[in-house]
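Asker: got a sequence here, can you model it:
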Amino acid sequence: MVTGKDSGFWRIIFTNHGFIGRYKNQLPEDSTIFVLANDTIPVKVEHNGEAKLVDVGIYWVVRKQRHVKHIPFAWIFGKSSTLKEISPLSHAESDFYFILFNRLYEIITNGYQRIIDKIAKLKALEMYMELIARIEDEIRNTIYTTKADEQVFQDMLTRYKFFLWPGAMMIESQPTLQGELLRRPDFRIQTKEGREIYVEIEPPRYKPFIGTRKSTRLKGALNQISDWRKIIGNNSNVLYMIIIGLFEELTEEEKRALSSFNESQDNLVVVTWEYILENVEKIKEGINKELAGDM
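Answerer: Here you go, the predicted model:
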């Protein structure tokens, strides 16, 4: 029985004594297995509870019938209003949001993979919209009001890394490059098309250009990327991205300098922090289209 909030079940197997007695050899090897009484409900959430399930298997026998269910992802609430009481920061130490929003991206791009009750679908989409609105407020406030240096923004994007590249296969925070511990990228993105994108972030308060000249922070980021290229070598499937500054705070001359610089690059792009908010907005537009199609 799940009685509180922020309970999680990750990569585990629930089974009962009936299954163990007859089909034990069918359980996945090297799994964390919980054996429960035959009449136990594997995951029961009370009225005020909330539970997250990621890559959970249920191997059960009911009335001598074998049942196997794999749950790649589920977020279960005892009551729908519980969502409003949950702080986004409660998931800061896990990949839960990345899994959550990848599921949303699949819904937006591919639709639901099987028939689902219309009311349940609308509730799910409305939940996503409410959650994204809250996250967008946090991202926007951090970008526009925080004067701290890089770590604050590293932590924020680690929490909400999905919005670095919606639909990515994987996004890793501060990966090592061939054992190099001191010259780590801030993020590594693996796209569904098989490309790798290495990301360096600089705080929004630093401009990429001062007039037509590269700023000190941009030069430092470019030096970082030069070091990564020496380690990674020439690879046409590797791209590099620098996130720095706010587009709205650039002069027209600086905007032209940024555009000209990007046009001169083959596998490098410099974007401002509005890029993250634009990705949030694209997901919101996708949800609104789904909602409009069901009204």
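
Asker: and Glu50, bridged to which residues?
Answerer: Phe77 (DSSP bridges).

Asker: let me see the confidence value for the residue nearest to Lys64 when sequence neighbours are not counted.
Answerer: The shortest distance from Lys64 to any non-neighbouring residue, by CB to CB, 6 or more residues apart in numbering, is to Gly18 (7.9 Å). Backbone N, C-alpha and C define where each C-beta goes, glycine included. Confidence at Gly18, expressed as pLDDT, is 87.

Asker: begin at 12 from here
Answerer: Renumbered: residue one is now 12, and that last one reads Gly29.

Asker: helix or strand right after the helix or strand encompassing Gly29?
Answerer: If you go by DSSP states H and E, Gly29 is part of helix 28-34. Scanning forward in sequence from helix 28-34 by DSSP H and E, the next helix or strand is strand 43-47.

Asker: for that next one, packing partners?
Answerer: Applying 3 or more CB pairs under 8 Å, 6 or more residues apart in numbering; DSSP states H and E, we find strand 43-47 packed against strand 23-27, helix 28-34.

Asker: pull out the buried residues from the longest one.
Answerer: Yep, that's helix 28-34 we're talking about. 29-30 (16 or more other CB atoms under 10 Å).

Asker: tell me how far it lies from the chain's centre.
Answerer: Mean C-alpha position of helix 28-34 versus that of the full chain (CA atoms, centre = their mean, to the nearest Å) differs by 37 Å.

Asker: what are the contacting residues of that helix?
Answerer: Among residues not part of helix 28-34, those counted as contacts by CB atoms under 8 Å, 6 or more residues apart in numbering are 38, 46-49, 70-73, 75, 77.

Asker: dump the residues you listed to a markdown table, plus neighbour count, pLDDT and distance to Pro215.
Answerer: Shown next, in a markdown table, are the contacts of helix 28-34 (neighbours: other CB atoms under 10 Å; pLDDT from 0 to 100; distance: CB to CB, whole Å):
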| residue | neighbour count | pLDDT | distance to Pro215 |
| --- | --- | --- | --- |
| Leu38 | 16 | 86 | 50 |
| Val46 | 15 | 87 | 51 |
| Leu47 | 15 | 83 | 50 |
| Ala48 | 8 | 83 | 55 |
| Asn49 | 12 | 76 | 57 |
| Tyr70 | 25 | 87 | 49 |
| Trp71 | 19 | 88 | 51 |
| Val72 | 18 | 87 | 56 |
| Val73 | 12 | 83 | 56 |
| Lys75 | 7 | 82 | 62 |
| Arg77 | 13 | 88 | 56 |
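
Asker: count the residues that sit near the nearest residue to Val210 once chain neighbours are set aside.
Answerer: With sequence-adjacent residues excluded and distances taken as CB to CB, 6+ apart, Val210 is closest to Phe198, at 4.1 Å. For Phe198, the number of neighbouring residues by other CB atoms under 10 Å comes to 24.

Asker: isn't Phe198 right next to Phe174, touching?
Answerer: No: between Phe198 and Phe174 there is no contact under CB atoms under 8 Å: 11.4 Å.

Asker: for these two, list the residues in contact with both.
Answerer: With CB under 8 Å, 6+ apart, Phe198 and Phe174 have common neighbours Leu168.

Asker: low-confidence ranges in the protein?
Answerer: Scanning the chain for pLDDT under 70 picks out the ranges 12-17, 91-106, 121-128, 131, 190-193, 305-306.

Asker: what residues go with each domain of it?
Answerer: 18-90, 159-284 (automatic domain parsing).

Asker: got the contact list for the residue nearest to Val210?
Answerer: Per CB under 8 Å, 6+ apart, neighbours of Phe198: 168, 172, 175, 182-186, 209-210, 212.

Asker: next, format the helices and strands packed on strand 43-47 as a markdown table and append distance to Phe164.
Answerer: Output for the helices and strands packed on strand 43-47, formatted as a markdown table (distance: least, CB to CB, whole Å):
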| stretch | distance to Phe164 |
| --- | --- |
| strand 23-27 | 34 |
| helix 28-34 | 48 |
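
Asker: the ones you listed: which one's closest to Ala62?
Answerer: Of all those, strand 23-27 sits nearest to Ala62, with 12.3 Å by CB to CB.
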